[in-house]
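S.K.: can you look at this prediction? I've put the sequence above it.
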Amino acid sequence: MLEKRHYPADAIDTSYVDDVCMIQMSHTVSRANKHLEERTEQHLEIGVRLRLTFATPKTELLYCLPLTSKDKNKSLSSHPPLRILNTTIPAKRQIKYLGVFIDESLTFSYHAATAAARGSKILGSLSFLRHRSRGIPAHITHHLAMAAILPAMFWASPAWWAATPAVTTTLKVTYNAVVRWITGLPLNTRTTSLITLAHLPPMEAYLDYLSLRYAIRLHFLPANHALGPPRGQPNTHASLLGLHHLYNLSKHLVLGKLEDRTTTNTAEGVVKTTSPNPDKTTRAKELHEKWLQTHPDHTIIIYTDGFKLDNGAVGCGWAIYHCGDRQLYRLSKGQCHLGNRAEVYDAELHAVQEAVSTLLAITIPRGAVFICIDNQAAIDTLQSNRGNHEYARRTLATIATLQLLGWWVSTVWCPSHSNIRGNERADALAKMAATSTTPCRFAITTKSWLLTQARKEFLERWKMELPYSCPSFKFPSHLHGIDWADTRAMWRVFCNRSPSDPPPNISADPCPCGRSLISSHHLLQDCTLLAKQRTELLRLSTGDIQTVRFITMPANVQPIRRFLRATGLGHSAHILFDTNPDSPTNDADDTGSDSSEPDFRVFEP
């Protein structure tokens, strides 16, 4: 336990020491051991004075050796021993630190193997939730994968992920097993189809996205933080992991003047007043105007808004009014152009900053100030600026000054685009500001813009690598109400991997209709023996049935579901062909079922 003196002198901050890492670099192992022993014993002597004990069983030693080192293949016992407080510390090939296994050459291959095994273990513990055509629906398995399996596999991935072949190959085995569990498709299904239907991103793109988000966070840490922003190291190897890899991922985004989140401020948050509007649709203008009439004279009403053009340019606007005789009278207005490296959320906060700064120069009786904002995230940030947003911090500092001068300031949510006079005026000013070419002196590259841009690039890469996918972390809502058997049947037909399809290494038999070889796509699109069911399907669906996108279109889910149940396609190897005399002769074996929706349990593999 450590005690540190703070201001005031009687304030004591108590901290607890857990894992301590000591690193020593030298030209030889013997010299490194000598220096490490001296430094470690000095460190432990301080701990003794603080009554901290040295836990010998938990102490581990790792020699980091390059892959080309002549000592790489030597036995660990051949290295000089390391002795700490008369205790010999044995060396290991890899050690575990903060949940990551670090090996002697920093390849992280061992960690990748343990991460894959951890994911397989969790997947095995969840496998009982599915059995043949029964079990939890696909959206539940997708949620379990995103919430339980992948976080365990990719723990601390920014520290060890650099897309090396050894790590990628090891992780992909478990990743593909996860997507196969979600979809229920057989082993011979194409991997891209598996990932597309499971609605998971490509593994490499997802890990790069996690690393990029972490790299962005490093640029906005407090000044006294142990970590810092990744910097370029031109004299190092191009494929190094850690901060070097994070720098390569983020250098194209992190440009210009960055938002300052290192400066601290003790100003309290702004009180949030209950809005008179329950939502945007229920008599929005009427309720807001009625609320305005309840305020006494000299009450200040501020409206703010932000706007972003398609080219990325962002502007903000504000309009200040005061109440008198139950009416609003405009005091001031303004607008700012924030460049193209900010978000609407940032523009809302900066508009509030500019508006409250204007009040410092207004000479009217002090009273209540209501800031009407149509962005709930901005209101929450002003109430509690946990992320230390620069615009919010400046705003809160100004509001603190206004409160010392006798003002009472509060925020209130205001519906947007509801023909409310002040909000519409602020919106028009923000649009004018976005088209301007003169940036505000507070224009910066904000953290929210960087994170939004990182997500945008990730989704674009996802779509590029999987053209038939709909990139989103949310599972498609139109599949939530579909049971597992029907979902799997649709996916089987999409991949040509239904029970009626032959294995990839066996030639397909001719379809009983005589027009083509039998396959799921042929049965769905062209088979004349299913013409009656197909006619009904086309009547209720949209799109071109000759394309695979027809199966994944949200509007076609229910019609396809009925078609598959009526024919058995995707559920069974026994297709219920139309035996009507008006149709072509059916030479296939009859299933013996007269039901339009057969009991598919008898067809389960």
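M.R.: Thanks, I have it. Just so it is clear, the model here is predicted, and its values are computed rather than measured.

S.K.: buried residues in stretch 287-306, which are they?
M.R.: Using 16 or more other C-beta atoms under 10 Å as the test for burial, stretch 287-306 gives 287-288, 291-292, 295, 299-306. Where you see a C-beta, it was placed from the backbone N, CA and C, and this is true even at glycine.

S.K.: just stretch 111-130 next, same as before
M.R.: Neighbour-count burial for stretch 111-130, counted by 16+ other C-beta under 10 Å, picks out 111-116, 119-120, 122-123, 126, 130.

S.K.: how distant is it from the center of its chain?
M.R.: 22 Å (C-alpha atoms, centre = their mean, to the nearest Å).

S.K.: mind listing what the closest residue in space to Thr358 that isn't next to it in sequence touches?
M.R.: The shortest distance from Thr358 to any residue other than its chain neighbours is 5.3 Å, reached at Ser332 (C-beta to C-beta, 6 or more residues apart in numbering). Residues in contact with Ser332 (C-beta atoms under 8 Å, 6 or more residues apart in numbering) are 319-320, 358, 362.

S.K.: kindly report the same for Ser69.
M.R.: Per C-beta under 8 Å, 6+ apart, neighbours of Ser69: none.

S.K.: Cys316 against Lys431, yeah?
M.R.: No: counting by C-beta atoms under 8 Å, Cys316 sits too far from Lys431 to count as a contact (10.2 Å).

S.K.: more neighbours: these two, which one.
M.R.: Neighbour count, other C-beta atoms under 10 Å: between Cys316 and Lys431, Cys316 has more, with 32 against 17.

S.K.: which of the helices or strands spans that one?
M.R.: strand 314-324 (DSSP states H and E).

S.K.: so which elements touch that strand?
M.R.: In terms of contacts (3 or more C-beta pairs under 8 Å, 6 or more residues apart in numbering; DSSP states H and E), strand 314-324 is packed against strand 300-308, strand 327-337, helix 344-359, helix 421-434.

S.K.: now render these as TSV, adding distance to Arg441 and mean pLDDT.
M.R.: Output for the helices and strands packed on strand 314-324, formatted as TSV (distance: least, C-beta to C-beta, whole Å; pLDDT from 0 to 100):
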stretch	distance to Arg441	mean pLDDT
strand 300-308	17	96
strand 327-337	9	91
helix 344-359	11	96
helix 421-434	14	95
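
S.K.: what about Leu185, distance to Val179?
M.R.: Distance, Leu185 to Val179, by C-beta to C-beta, to the nearest Å: 9 Å.

S.K.: overlap in contacts of these two?
M.R.: Listed as contacting both Leu185 and Val179 by C-beta under 8 Å, 6+ apart are Leu194.

S.K.: just say helix, strand or coil for the residue nearest to Leu144 when sequence neighbours are not counted.
M.R.: Distance criterion C-beta to C-beta, 6+ apart; nearest residue to Leu144, sequence neighbours excluded, is Leu126 at 5.9 Å. Assigned with DSSP: H, G, I helix; E, B strand; the rest coil, Leu126 falls in the helix class.

S.K.: OK, contacts around Leu126?
M.R.: Going by C-beta under 8 Å, 6+ apart, Leu126 touches 141, 144, 148-149, 181.

S.K.: so which two of those residues are the farthest from each other?
M.R.: Greatest spatial distance among those (C-beta to C-beta): Ala148 and Trp181, at 12.1 Å.

S.K.: follow-up on the earlier one: tell me which of the buried residues of stretch 287-306 is nearest to Thr169?
M.R.: Distances from Thr169 to the buried residues of stretch 287-306, taken by C-beta to C-beta, are shortest for Gly306, at 45.9 Å.

S.K.: check contacts around the closest one.
M.R.: Contact analysis of Gly306 by C-beta under 8 Å, 6+ apart lists 314-317, 343-348, 350-351, 375, 430.

S.K.: against Gly387, how distant is Leu212?
M.R.: 18 Å.

S.K.: same check on Lys70?
M.R.: Distance from Lys70 to Gly387, counting by C-beta to C-beta: 50 Å.

S.K.: give me the more crowded residue out of the two.
M.R.: Shown here are Lys70 and Gly387; by other C-beta under 10 Å, Gly387 has more neighbours (13 against 8).

S.K.: and the more buried one, that's in a strand?
M.R.: No: under three-state DSSP, Gly387 sits outside any strand and is assigned coil.

S.K.: contacts only, for it.
M.R.: Gly387 makes contacts with 261, 381, 447, as judged by C-beta under 8 Å, 6+ apart.

S.K.: out of those residues, which are inside helices?
M.R.: Mapping these onto helices (DSSP state H) picks out 381, 447.

S.K.: now, of the contacts of Gly387, which are buried?
M.R.: Members of these classed as buried by 16+ other C-beta under 10 Å are 261, 381, 447.

S.K.: where's the dip in pLDDT among these?
M.R.: The member of the buried ones among the contacts of Gly387 with the lowest pLDDT is Arg261, at 90.

S.K.: what's near enough to touch Asp501?
M.R.: By C-beta under 8 Å, 6+ apart, Asp501 lies in contact with 492, 508, 518-520.

S.K.: list buried residues within those residues.
M.R.: 492, 518-520.

S.K.: where does the stretch 201-350 of the chain have low pLDDT?
M.R.: Filtered on pLDDT under 70, the stretch 201-350 of the chain yields the residue ranges 238.

S.K.: ugh, wrong one, the stretch 1-150 of the chain
M.R.: Those would be 1-18, if you go by pLDDT under 70 across the stretch 1-150 of the chain.

S.K.: could you pull out the strands in it for me?
M.R.: Secondary structure of the stretch 1-150 of the chain (DSSP state E, counting those that start in this stretch): strands at 2-5, 12-15, 61-62, 82-84, 87-89, 91-92, 94-97, 100-103, 130-131, 134-135.

S.K.: would a markdown table of those strands with distance to Tyr175 be doable?
M.R.: Converted to a markdown table, these look like this (distance: least, C-beta to C-beta, whole Å):
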| stretch | distance to Tyr175 |
| --- | --- |
| strand 2-5 | 42 |
| strand 12-15 | 39 |
| strand 61-62 | 28 |
| strand 82-84 | 39 |
| strand 87-89 | 37 |
| strand 91-92 | 28 |
| strand 94-97 | 22 |
| strand 100-103 | 19 |
| strand 130-131 | 18 |
| strand 134-135 | 21 |
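
S.K.: wait, which of those is closest to Leu530?
M.R.: Nearest to Leu530 among the strands of the stretch 1-150 of the chain is strand 134-135 (26.6 Å), distances taken as C-beta to C-beta.

S.K.: pairing partners for that closest one, with directions?
M.R.: Paired with strand 134-135 in the same sheet, following DSSP bridges, are strand 130-131 (antiparallel).

S.K.: Thr567 is in contact with Ile575, isn't it?
M.R.: Yes: judged on C-beta under 8 Å, Thr567 makes contact with Ile575 at a distance of 5.9 Å.
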